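Engineer: missing the sequence, but the structure's below:
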């Protein structure tokens, strides 16, 4: 069990204490803030605490049964899936194209990369606020630009019009995170074996063939990581939507995180929120564990 | 028409690439430019129809208002909370990481559990934490927010530092042990200096994560410990936005992290890919 990398030069006993002493504080905090609340919310989810009723008697599976009848919850999950399904591939493809553009050396490449990274390091709430200003009907530049190309004044209510809210959210999301994909893919593409590419070129292989048979397999691990990280981020998307639409109009752009916020912090439906939170954590834990095991993130 | 020589073709391709690169960069930076420019506009210029693409003159009144009204306290709060939590997470996390990297403590399962903690949606975790904080009177306190950010960033620090420490040649530590150093001396005199750049990069990203967070701060603060992203949303209203304040506050809150990340750019790819891509 304790095969330490130093061999047997030191006594097993002192080493064992040392290594556990070092992990103890960190693990303690993780348990305290990571696991304890989960157990707590599991307990609360079996009670029926609401804003007006602080009865702590156990109600069995009451809240979990309600999960299945809650149309708004499933809609929120659907909205989350919709945004993920559109934004993620877009970010991946645009990031790949950008990476191709900057793959070959060119003077000043570092400066371009440094500037392109900017949206990704912004706080998502700043990104949302920025696009809120950009999309503004009267004082924002987007409407002005669209009107210029249309040749007549066009009124686009980006954050209110039901057919424009999703495009607005996705534009903001893709704008902020395409640079993330770009950075990772640029690193991955730079590491593709040059000799293989040159050999393929000498053989006169077409670009598509090279892409499919040499480049794709080489960058696959990085793409997998990038998709996993961004996929999980998109699943919990909150800030950008909060800044742009606050879930509206109505609950049209309400994602799972926003819905949890609404029932927990504006309706104070405590026990039910705990059940929803537990469902989400359970769902994600299973997915994450499976994916991590398959992908072997550890190099 | 004579056919282009190989050299001319290359020059043409390069010119094309530059053209596209400049266009794309402008496209991506335009929203940032717009925000930046609004922060220097006067109210008349901001609410001008059609929108003006350049401020008439550079004036700092929008920033001055934030200082005068005391809104910059939010930046200070962010600094305290993100700074303190990063330091604690770095110290605790690096020790954890050392143990994991060198003794394989807990095996792969512990490492997997730690990184999976990072991936659980914050909203689902923060709700029960909020209930507990209410119970212990920790809502809207510095210690409450710092504790949460520390816990949130610990998995990241452990995971990243585990990778950086694993990159250090083992022989260095072994020879230090042979020379009679204690375990702690080895860590202070060999591991930390060797992992210095990794430590700094990880610290910067840890700080940025805490600095940029909106969700935890929204839920766990009220009036005392408002951080800059929460302050920003106070300027947004259904019908009227305080545009000048949104822009100025955003710029104030973004400049420090932009500078920090630019300095750490060499480690950016490794930092954001959870160590999977070494760049």
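Structural biologist: Yep, it's here. Quantities reported herein were computed from a predicted structural model and do not represent experimental measurements.
Engineer: Every contact and neighbour count from this point should use C-alpha atoms.
Structural biologist: Fine.
Engineer: Just confirm yes or no for the helix or strand of chain A with the lowest mean pLDDT near chain B.
Structural biologist: Taking mean pLDDT, DSSP states H and E as the measure, chain A has helix A:12-30 as its least confident helix or strand, at a mean of 79. Yes: under the criterion of Cα under 8 Å from any Cα of the partner chain, helix A:12-30 makes contact with chain B via A:19-20, A:22-26, A:29-30.
Engineer: which of the residues in the helix or strand just after that helix are buried?
Structural biologist: Following helix A:12-30 in sequence order, the next helix or strand is helix A:36-45 (DSSP states H and E). Taking 16 or more other Cα atoms under 10 Å in any protein chain shown as the neighbour-count basis, helix A:36-45 is seen to contain the buried residues A:36-38, A:41-42, A:44-45.
Engineer: The longest helix anywhere in chain B packs against which elements?
Structural biologist: Ranked by residue count and defined by DSSP state H, the top helix of chain B is helix B:6-38. Under the contact criterion of 3 or more Cα pairs under 8 Å, 6 or more residues apart in numbering or on different chains; DSSP states H and E, helix B:6-38 touches helix A:71-103, helix A:109-116, helix A:118-121, helix A:124-135, helix B:243-263.
Engineer: pLDDT of that helix, averaged?
Structural biologist: The pLDDT scores in helix B:6-38 average 92.
Engineer: and the angle from it to helix A:124-135?
Structural biologist: 90 degrees (axes from the mean of the first three to the mean of the last three Cα atoms, to 10 degrees).
Engineer: Distance from helix B:6-38 to the middle of the chain?
Structural biologist: 27 Å (Cα atoms, centre = their mean, to the nearest Å).
Engineer: Cross-check the buried residues of helix A:36-45 against chain B and keep the overlap.
Structural biologist: A:37-38, A:41.
Engineer: Residue B:251: which of these is nearest?
Structural biologist: Looking at these and their distance to residue B:251, the nearest is residue A:37, at 35.6 Å (Cα to Cα).
Engineer: looking at it, the closest one is touching residue B:128, isn't it?
Structural biologist: Yes: shown here, residue A:37 and residue B:128 form a contact pair, counting by Cα atoms under 8 Å, at 5.2 Å.
Engineer: Of the helices and strands packed on helix B:6-38, flag the one that's most buried.
Structural biologist: helix A:124-135 (a mean of 25; mean count of other Cα atoms under 10 Å in any protein chain shown).
Engineer: quick revisit: show me which positions of the longest helix of chain B end up buried.
Structural biologist: Of all the residues in helix B:6-38, those buried under the rule 16+ other Cα under 10 Å are B:14, B:17-18, B:21, B:28-29, B:31-32, B:34-38.
Engineer: Name the residue of the stretch 101-250 of chain A that lies nearest to chain B.
Structural biologist: Across the stretch 101-250 of chain A, the shortest distance to chain B (Cα to the nearest Cα) belongs to residue A:123, at 4.4 Å.
Engineer: tell me the contacts of that residue?
Structural biologist: For residue A:123, the residues meeting the contact criterion (Cα atoms under 8 Å, 6 or more residues apart in numbering or on different chains) are B:211-213, B:229, B:254.
Engineer: for residue A:24, same thing?
Structural biologist: Listed by Cα under 8 Å, 6+ apart, the contact partners of residue A:24 are residue B:96.
Engineer: what does residue B:86 give?
Structural biologist: Shown in contact with residue B:86 (Cα under 8 Å, 6+ apart): B:149-150, B:153, B:203, B:206-207, B:210.
Engineer: Give me the subset of the residues you listed lying in helices.
Structural biologist: When DSSP H defines the helices, the subset of the contacts of residue B:86 inside them is B:149-150, B:153, B:203, B:206-207, B:210.
Engineer: ok, which stretches of the stretch 151-299 of chain A are helices?
Structural biologist: Listed from the start of the chain, the stretch 151-299 of chain A has helices (DSSP state H, counting those that start in this stretch) covering A:165-190, A:194-202, A:207-210, A:216-235, A:239-244, A:256-261, A:270-295.
Engineer: What is the neighbour count of residue B:116?
Structural biologist: Counted with other Cα atoms under 10 Å in any protein chain shown, the neighbours of residue B:116 add up to 17.
Engineer: On the three-state scheme, the nearest residue to residue A:292 once chain neighbours are set aside is what?
Structural biologist: The spatially closest residue to residue A:292, leaving aside those adjacent along the chain, is residue B:112, at 7.6 Å (Cα to Cα, 6 or more residues apart in numbering or on different chains). The three-state assignment at residue B:112 reads helix, by DSSP: H, G, I helix; E, B strand; the rest coil.
Engineer: which among the ones in helices among the contacts of residue B:86 gets closest to residue B:52?
Structural biologist: The closest of these to residue B:52 turns out to be residue B:210 (Cα to Cα; 34.8 Å).
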